[in-house]
Structure formats: structure tokens, C-alpha cells
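J.: requesting a structural model of the entry that follows:
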Amino acid sequence: MNRRRLLATIGGVGVTGLAGCNAILGNDEEEFDPREAEFQYFFVDETGTLGGTAEGQEPPEDAEDWQIVRNTVTESDWKAMQGNDVERARGYLAGEATDVAGREEFEGTVEEIVQRTQEIYENPEEALDTSSATEGHIFEQMQQEDDPVAFTRALIHATDTVTDVTSSGGKAFLAPNIAEYAVEELGLEFPEYELSGISSTEPTGLEDQMIEGSMRETEDGGTVGTGGMTHLLSLLTYEKGGELQNKYVENIKAHPTSTFRSMLRDPEDSAYREPIEGGRFKIHENTQGAPMWPEHYATDFEQEKLEKMREMGIDIERPGMQLVSTAVNMIDDGLNDRTSRPVDGYRITVSDEIKEQAEDFALNPTKEKKEKIENFGKISYSVLEKQIGEDYRSDPVYGADNPIRIEGSLENPEFYHEPVEVNT
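T.: Below you'll find the model as predicted:
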């Protein structure tokens, strides 16, 4: 690569990292590893499916190939990527998810979950034991809920009763990946229905899992803290009366627990929205349970609260990565189509404007806002999948493998590769 050409290409965004580049002799000129340079990604939207997010970011004449992201995914391809999420659930239950540590086979199948969901949703009084506290609560809630919400509650309970998966991490492979498939299989019509994975903090009593700054002493002399953005839940989106609705959904149970106020709730009424300034609060009113700390609860969308938590010394890592993962999950929850999935997660920072827009979408959803965040997910997906070079073993290196800084807004994001030190 010509050094002058590289400097001209990235001149508008700085030359951070060039001083540490590895020089490779060849044809009497130095070549530089793009991984060690800061540069902007440019876009060629060949199918027009990025929804305008790439407009005005066409590559200049001197842009290098590793800077140019070409979107060739058609609208039908995007739909297929979301539609095949169910294969992720099948693979997980069968113990075939190769990227899951300690994978094992679990009880139950996708077909059994869908069948049980249908039984509960279509005839809950007969399918549930209404004399029990748990299923009686589920039945009562379903009688009061919108059809898409009642269906989702039935799906969550079906995963509880059909499978022996109990952790939020394991449950995240099930309902979010089965939901749209089940709706279609059962011939239901829920406009704008979508169940997508998101992540959050949650309280834990395991000291080895508590992150710095989060430890609090309980009344009985114990300690509670949070392990960071490790708890997986879902965002339910659907249309009611022409308007979009959002709900936070706990994948682990179809009924309240001592830790979570409700398994399915409006974001503004959830424990995740409890203000830090309000101090400790009761998860369930009129109960004898000990109050909880609001700084132990926040999802990807509570960006303002997460910032306050960091100011308190609670070391929440990579909030930008979590937000981008949520946007990407809205178009591909199952991971089936992703080439690069770094073990340690994406290293991504996002602008304050993007954080504010994402939080506004969760609290005040509209179809237009949903489209913006989905298009942001598509363009992020394209960057993460972009091959920018090869490592010393000649294995491909993708955008996902290196740090990314995202500036601008959801509708006009600018993506920058940040330099890394490459060991040869």
C-alpha cells in the first residue's frame, strides 16, 4: 500500500495509530496493516436496503477496498435472516450450538414448545392449572392482555414447562428465536410483532460475579451487587390500534419472581427504570421482601441511567457494544448468519445522540423510530461483517474483530475503525 495514499485517505479522521504500524518490505515501499490505522468506513448500498443510513457516505476515489462496505443483502435476504432464527433454538436444545461453552442437550423440542404455546394461548383455562399460584397468575394476566402479549406470555411458559433450560442465557436461545416462527406456524396475525434479545444488569449475591463499585450490604449482613450487562431479556414490539407498543419481557419465567417485578411490563413501569435518585425500592408492593437498589437494574436502553451508574463508580463495560447488539438482534436474533462473533464481544462506542434516540424508541415507540433503529442494525451488521484484512495465519479479520467508534445519529451514523496494536 502506498503510504501517501493511506494518509490522504484517513486525513479527515486523523492518523492515530500509524506510528505503531508494522512495516512490511515489498517492492521497495512500506505497506501498513489497516488494523493499526484509524479510518472511516464508506458504503455502497447496492440493494438499497439500508434505508438511507448510507446516504452521503459513498467512498471517495482514493478509498481502499478495506474501507468500502458493500451491502448486497436484499429485502428478502433480511427477512430470511430473521425467519431462520428458529434454527438457533433447535441447535441449542440439541446441544449443537458450537459457540456455546459447555453445550449439552436439553429436554424438549421447538415443535413441542410451539404446540404447548398454542394450547395455552388458545385455551388457557383448560391448559393451565388455575388453582396454583403460578399458573393462576398467568391465566389472570392473559385475560387482561393484548393478544400479542398473551401469546408471548404463553410462549415463555411453554419454554418453562417443555424444556429444562433455566438460565436467562439459555432461555435467550428459545423464546426470542422461536416467537416469529410460532406466530407464522399457528396462523396468527400480529402486525409489527417482534421479540428481540436485549441485555441488562441484574442483582446478584455471588461476590465473584459482582463488578467494581456495585457492592451493597444487605440487612442480614450479606452483600448484593451486579455482574454488569449479563442478564438477557427481550423487547416485545407489536402494533395496537395503529400505534407501536414496546414491552420488556423476562425470558426466564412467565410470572413474577423475587428479583423481577413482572415478566412482561411497559418499560417505564419496570424495575429497570427505577431512578437512582429515588433510593431503594420494593420489587413488589405490599410484600415483606427487602428493598432493592435501583443501580442494579438497567437495560441497553437505559443509557442515561447507565451513565449515572458509571459516575457512581459502577464499572459497566461496553454499553455501546450492547446497544449495537440489540439493534442487530432486531434483524438477526439467531446469530445463524453472522460470520464473525468475537468471544469477548464487540468493542464499540456510540455517540450520545444515538444513545438518546435508542432510549426514546424504548419509551415512545413509533413505526418510524423502529425503522430507524432497524436500519441502524442493518448498517452495523454490514460493518461487522466487512473483511478488512488477514491475520498472520491468513485467517480473515472482520470489522467485528477490531474496535469501532460510531458517531452521528441512528439515521445517519458514521463508522470509524479505531487502531489496534498487531502482534506478528
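
J.: any idea which residue is closest to the centre of this protein?
T.: residue 326 (2.5 Å; CA atoms, centre = their mean).

J.: can you pull the contacts of it?
T.: 196, 197, 198, 199, 235, 300, 301, 358 (CB atoms under 8 Å, 6 or more residues apart in numbering). Where C-beta positions appear, they are placed from N, C-alpha and C, glycine not excepted.

J.: among those, name the ones in strands.
T.: 196, 197, 198, 199, 235 (DSSP state E).

J.: the residue lying closest to the fourth one once chain neighbours are set aside and residue 339, how far apart?
T.: This means residue 199. Of all residues not flanking residue 199 in the chain, residue 229 sits nearest, at 4.6 Å (CB to CB, 6 or more residues apart in numbering). Distance, residue 229 to residue 339, using CB to CB, to the nearest Å: 24 Å.

J.: just want to know which of those two has more residues nearby.
T.: For residue 229 versus residue 339, neighbours defined as other CB atoms under 10 Å are more numerous around residue 229 (25 against 11).

J.: please report how far residue 282 lies from residue 271.
T.: 10 Å.

J.: which residues are common contacts for those two?
T.: With CB under 8 Å, 6+ apart, residue 282 and residue 271 have common neighbours residue 292.

J.: quick one, longest helix in the protein?
T.: helix 367-384 (DSSP state H).

J.: quick one: contacts of that one?
T.: With CB under 8 Å, 6+ apart as the criterion, helix 367-384 contacts 41, 43, 49-54, 69, 71, 73, 78, 192, 237, 239, 244, 324, 327-332, 338, 340, 346, 354, 357-358, 360-361, 398-400, 404, 406, 410-411, 413, 415.

J.: tell me the strands beside the helix or strand that it is followed by, with direction?
T.: Heading C-terminal from helix 367-384, the first helix or strand you meet, by DSSP states H and E, is strand 387-390. Here strand 387-390 has these sheet partners by DSSP bridges: strand 396-398 (antiparallel).

J.: in the helix or strand encompassing residue 111, what's buried?
T.: Per DSSP H and E, residue 111 falls inside helix 110-122. For helix 110-122, a neighbour-count test (16 or more other CB atoms under 10 Å) marks 110, 113, 114, 115, 116, 117, 118, 120, 121 as buried.

J.: residue ranges with poor pLDDT in the stretch 151-300 of the chain?
T.: Scanning the stretch 151-300 of the chain with the threshold set as pLDDT under 70 gives 258, 285-288.

J.: which parts of it are helices?
T.: Remark: helices assigned in the stretch 151-300 of the chain by DSSP state H, counting those that start in this stretch are 168-171, 175-185.

J.: quick one: the last one to helix 110-122, angle?
T.: This means helix 175-185. Calculated by axes from the mean of the first three to the mean of the last three CA atoms, to 10 degrees, helix 175-185 forms an angle of 70 degrees with helix 110-122.

J.: remind me which residues of the stretch 1-150 of the chain are low pLDDT?
T.: 1-31.

J.: rerun that using 80 as the cut-off
T.: Along the stretch 1-150 of the chain, segments meeting pLDDT under 80 span 1-32, 98-103.

J.: what about the strands in it?
T.: 24-26, 29-31, 39-40, 42-45, 68-71 (DSSP state E, counting those that start in this stretch).

J.: give me the residues contacting the helix holding residue 111.
T.: Taking CB under 8 Å, 6+ apart as the rule, helix 110-122 contacts 86, 89-90, 93, 126-128, 138, 142, 150-151, 154-155, 157-159, 161-163, 174, 178, 181-182, 185-186.

J.: one step back: the more surrounded of residue 282 and residue 271?
T.: residue 271 (22 against 14).

J.: just checking, the more buried one touches residue 261?
T.: Yes: counting by CB atoms under 8 Å, residue 271 does reach residue 261; the two are 4.8 Å apart.

J.: mutual contacts of the two, please.
T.: Common neighbours of residue 271 and residue 261 are listed as residue 283 (criterion: CB under 8 Å, 6+ apart).
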